[in-house]
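Engineer: Got a predicted model here, sequence first, then my questions.
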Amino acid sequence: MIVLYSLMFLGGYISAAGLGLTCPEWPLCPNGVMPSEEYLIEWIHRLAAATTGALVIATMIAALINKNSETKIRITSSLATVFVITQITLGALVIDTKLHAVLVAVHLGIGILLFSMVLLTTLFAFRMARNSLATRI
Ligand code: HEM
């Protein structure tokens with residue numbers, strides 16, 4: 001949640017500061033994997049997006065293989081995975097279409113849906129942990 005929140009905060013800054021096309025290529029910026037001053041903000045946005053993607057997918061796998069998982073957490077974590085993959089693909093389209101207004105708006109909308117699913121998954125996980133502690137006492 002912390003990584004995702006920071007990613008969305010940074011996305012808002014990129015948009016408001018007009019830095020959306022400082023790195024015009026996808027998936028990497030013109031100088032490759034390494035960061036550079038020129039593309040730093042966009043580079044951090046993409047790194048945070050990749051980290052978020054890995055964390056969201058790992059959470060879904062953990063929720064699916066845990067026998068004690070409730071259906072609710074399986075659904076929210078799977079939806080989060082669908083949204084994170086859509087969101088990263090959409091990020092590429094936003095760049096390709098040179099920040100098409102509709103796509104930027106959809107990018108924000110899916111980001112909010114993704115945040116909601118990650119928040120629900122976190123809340124369900126805390127509830128599961130509390131319940132399993134209560135049954136052990
Ligand atoms: C989990 C993945 C991602 C999330 C949650 C996310 C979230 C956001 C958010 C909330 C904004 C601000 C939108 C606005 O204020 O209207 C934004 C902007 C932006 N994002 Fe992402 N993003 C993700 C991945 C990516 C990826 C992979 C790329 C490109 C490779 C990308 C490219 C952009 C660009 C270019 C903007 C600025 C658009 C503009 O200038 O108006 N995003 N992002």
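Structural biologist: Perfect, I can see it now. Computed from a predicted structure; not experimentally measured. Residues are numbered from 1 along each chain as shown.
Engineer: All the strands of this structure, in order from the start?
Structural biologist: Shown for the chain, no strands are assigned by DSSP state E.
Engineer: Do you have the helices of it handy? List them.
Structural biologist: Per DSSP state H, the chain carries helices over the ranges 2-17, 40-65, 71-96, 101-136.
Engineer: tell me the contacts of the residue nearest the centre of the chain?
Structural biologist: Residue closest to the average C-alpha location in the chain (Cα atoms, centre = their mean): Thr52, at 4.5 Å. Listed by Cβ atoms under 8 Å, 6 or more residues apart in numbering, the contact partners of Thr52 are Val3, Leu4, Leu7, Val84. For glycine as for every other residue, the C-beta is placed from the backbone atoms N, C-alpha and C.
Engineer: Which residue is the nearest non-sequential neighbour of Ser69?
Structural biologist: What sits nearest to Ser69 in space, not counting adjacent residues and going by Cβ to Cβ, 6 or more residues apart in numbering, is Ala63, at 5.0 Å.
Engineer: Can you get me a residue count around that neighbour?
Structural biologist: 23 (other Cβ atoms under 10 Å).
Engineer: same question, the one 4 residues further on
Structural biologist: Taking other Cβ under 10 Å as the neighbour definition, Lys67 ends up with a count of 4.
Engineer: follow-up on the earlier one: dump the helices of the chain into CSV; add distance to Cys29 and mean pLDDT as well.
Structural biologist: Shown next, in CSV, are these (distance: least, Cβ to Cβ, whole Å; pLDDT from 0 to 100):
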stretch, distance to Cys29, mean pLDDT
helix 2-17, 13, 97
helix 40-65, 6, 97
helix 71-96, 10, 97
helix 101-136, 18, 95
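Engineer: Distance to Pro27 for those - can I get that in CSV?
Structural biologist: Formatted as CSV, the helices of the chain follow (distance: least, Cβ to Cβ, whole Å):
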stretch, distance to Pro27
helix 2-17, 16
helix 40-65, 7
helix 71-96, 7
helix 101-136, 16
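Engineer: got the residues of the chain near the ligand?
Structural biologist: Taking Cβ under 6 Å from any ligand atom as the contact definition, the chain meets the ligand at 7-8, 11-12, 14-15, 20, 26, 45-46, 49, 52, 84, 87-88, 91-92, 94-95, 99, 104, 107-108, 111, 114.
Engineer: If anything else comes up later, I'll come back, but that's it for now.
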